[in-house]
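>>> Curious how this folds, go ahead:
(chains A and B)
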Amino acid sequence: MSYSDDPVVLVIEDDPEVAETYRLWLEDEVDVRVAEDGADGLERLDPAVDIVLLDRRMPGLSGDEVLAEIRRRDLDCRVAMVTAVEPDFDILEMGFDAYLSKPLKRSTLVETVEQLLERASYDSLLQEYYALVEKRATLDATTNQAELARSEEYASLREEIDRLQSALADTLDGIEDDEDFVTTIRRLGDEN
Amino acid sequence: MYDLSTVIDVPRLAAVDPGTSFLISGPAMTGTDAIAMDVLAGGAARGEGAVAVTTQGSAETIIEAIQERSPGADPRHLAAIDCRRDGDGRAGAIGESYRYQVADPSDVTGMGVGITNSFDRLQGSGVDRIRFGLVTLSTMLTYADEETIFKFCHVLSSRIDAAGYLGAFTIDEGAHDAKTLQVLKQPFDAILEVREQDGGREARVRGFGSDPTDWVPLRG
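Alright, predicted model coming up:
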């Protein structure tokens, strides 16, 4: 259970020194949980986890198997795969949200975690935005326009919609990057 | 700027800001899809790129439709993403134009990959201005819910905006209720409305923060 509002990163890494290094790099910005193998990681996984940092090759359950289970459980978290080998496949097709090559640099890990958190933020904003746009459209279709013009609640709704629209435009640079674009779209497809 | 005034003759369309996305909306049989093809072909004639997502016609039909309208268009600047459920599944080129095959009209992930590949490919062949068309949102709505399509349009129009391209998305306004139509107008900068009047077709533009234009007649 998380006692704070900080994002939660679950590190699944069988080398304890490496795991500890990742924890030190990240703990200023996020809550870090550490698991020593795939099975342990799956036990520590719950809806509070925002990002999973997963070593691809581990004894016991491999990174790919853990990824499959995460997707099967329909958890709303992003998965960054850590691998010693530069992949020759399209990571987006494999279902990860990012991949990192060993040996990991601190700046790379921190930047990747920040990017993934920003995508999560975008998703939440987009969800809220839709809910309010839908609410307003329903009101417009069912309520007398004169009544709506008098309604403070309706005016607040419109302001909130504008605010969310701006917030979205400021997140992920309004979707400038191809990887942000495809991974964001992919989540829509998964939810469908 | 993108010049769309040859498609619909209103001054407001002569210099459209890069990054703008339109919804082309009209009742069935008013040629909204053909307007989208006109928009893409108009750009192709000027050396701009054209990327189309099709849910009904084949990718070949789209490429041919653009080339018929703009015979001088460079085929390397054209790309089509075929989303038909019973598409023949052939990926690969159509002549020198790019084709991407997607599973069905709900496969937004496939569309995202196909669109990204198309943009990258066209940029690689030297175009930095691209007109994007999606025909039609109404078909997508028979396969996926309003929420998914809304978010898809928002994310895609944002991507188009960030890249400085132009987007044209079509919808059959008779196929959806008023609430759904209003929700789906939200992600767009402007709406091109089409109607039948006195045996002919007319169009006008709403949006860009100003009053709607007058109705003007459409060719054909």
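
>>> Going by C-alpha atoms from here, please, whenever you check contacts or count neighbours.
Noted.

>>> Please name the nearest non-neighbouring residue to the closest residue to chain B within chain A.
Here chain A gets closest to chain B at one residue, residue A:186, 4.7 Å apart by Cα to the nearest Cα. Computed as Cα to Cα, 6 or more residues apart in numbering or on different chains, the closest residue to residue A:186 that is not its neighbour in sequence is residue B:109, at 4.7 Å.

>>> Give me the pLDDT for residue 129.
Reading this off chain A. What the model reports as pLDDT for residue A:129 is 98.

>>> please go with chain B instead
What the model reports as pLDDT for residue B:129 is 97.

>>> That one and residue B:51 touch, don't they?
No: look at residue B:129 against residue B:51 with Cα atoms under 8 Å: they stay out of range, at 10.9 Å.

>>> show me the contacts for the nearest residue to residue A:79 once chain neighbours are set aside.
Leaving aside its chain neighbours, residue A:79 sits nearest to residue A:52 (4.8 Å; criterion: Cα to Cα, 6+ apart). By Cα atoms under 8 Å, 6 or more residues apart in numbering or on different chains, the contact list for residue A:52 reads A:9, A:10, A:11, A:12, A:77, A:78, A:79, A:80.

>>> neighbour-wise, which of these leads?
Neighbour counts for the contacts of residue A:52 (other Cα atoms under 10 Å in any protein chain shown) peak at residue A:12, which has 29 neighbours.

>>> Residue B:180 and chain A: what is the separation?
8 Å (Cα to the nearest Cα, to the nearest Å).

>>> for residue B:58, same thing?
According to Cα to the nearest Cα, residue B:58 stands 23 Å off from chain A.

>>> so that residue makes contact with residue B:86?
No: look at residue B:58 against residue B:86 with Cα under 8 Å: they stay out of range, at 10.0 Å.

>>> rewinding a little: can you tell me which of the contacts of residue A:52 lies closest to residue A:155?
Distance to residue A:155, by Cα to Cα, is smallest for residue A:77 among the contacts of residue A:52, at 34.5 Å.

>>> Leaving out chain neighbours, which residue sits closest to that closest one?
Residue A:77 sits nearest to residue A:50 (Cα to Cα, 6+ apart), 4.6 Å away.

>>> Pull the number of nearby residues for that neighbour.
Residue A:50 has 23 neighbouring residues, counting by other Cα under 10 Å.

>>> pLDDT at it, what is it?
At residue A:50, the model reports a pLDDT of 94.

>>> What residues does it make contact with?
Taking Cα under 8 Å, 6+ apart as the contact definition, residue A:50 lies against A:7, A:8, A:9, A:10, A:76, A:77, A:78, A:117, A:120.
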